[in-house]
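**Student:** Can you look at this prediction? I've put the sequence above it.
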Amino acid sequence: MTRQRLLLAGVLVVSVLVLAACAAGPAPTATGPEIAGFWLGLWHGLISPITFVVALFNPHVGIYAVPNSGGWYDAGFMLGVMTVFSGPLSARRARPGPRTCAKDRS
C-alpha cells in the first residue's frame, strides 16, 4: 500500500468517526434550563443531514428537538439547515471563455 492510499484511508476513517460523533442524541427534558434554544437549534440544523441518516436506523434519534424554546429554536434550526444546503448548491464553476472588462466593451 502506498503512502498516498494509506493517508487517504486514514482521512476516510477520521471523517467517518467525526461525522458519527456529531449525531443528535435524545431530546432534553421539557423542564429546567436544558430546553433547546437558538444555539442548539443552529447545531441541530447544521447536523441535520447526518442526523437524518442516523434516524433512519435508530428510532431513538430525532432530527428536531421537541421540547424547545419555540421561535428562537426554529430560527436557529432553519439558519443551520440553510447554511448546510445552500453552500454546495450555490457554488458554481467559472465558465471558460474570453474575459472582458468594462473598458473593453465601450
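**Tutor:** All right, it came through fine.
**Student:** Sketch out the low-pLDDT regions of this structure for me.
**Tutor:** Along the chain, segments meeting pLDDT under 70 span 1, 16-33, 87-106.
**Student:** what do you get if the cut-off is 80, keeping everything else the same?
**Tutor:** 1, 12-34, 69, 87-106 (pLDDT under 80).
**Student:** Residue 6 - how many residues pack around it?
**Tutor:** When neighbours are counted by other Cβ atoms under 10 Å, residue 6 registers 10. C-beta here means a position set from N, CA and C on the backbone, and glycine is covered the same way.
**Student:** any idea how far it lies from residue 12?
**Tutor:** 11 Å (Cβ to Cβ, to the nearest Å).
**Student:** Please apply the same query to residue 74.
**Tutor:** The value you get for residue 74 to residue 12, if Cβ to Cβ is used, is 35 Å.
**Student:** which one of these two has more residues nearby?
**Tutor:** residue 74 (15 against 10).
**Student:** and the gap between that one and residue 44?
**Tutor:** From residue 74 to residue 44 the distance is 11 Å (Cβ to Cβ).
**Student:** again, but for residue 7
**Tutor:** 33 Å.
**Student:** Please identify which of those two sits among more neighbours.
**Tutor:** Neighbours were counted for residue 7 and for residue 44 using other Cβ under 10 Å; residue 44 has more, 23 against 10.
**Student:** which residues touch the more buried one?
**Tutor:** By Cβ atoms under 8 Å, 6 or more residues apart in numbering, the contact set of residue 44 is 24, 36, 51, 63, 64, 65, 76, 77, 80.
**Student:** Could you list the buried residues of the helix or strand hosting it?
**Tutor:** Element membership of residue 44, judged by DSSP states H and E, is helix 38-46. Counting neighbours by 16 or more other Cβ atoms under 10 Å, one finds that the buried residues in helix 38-46 are 38, 40, 41, 42, 43, 44, 45, 46.
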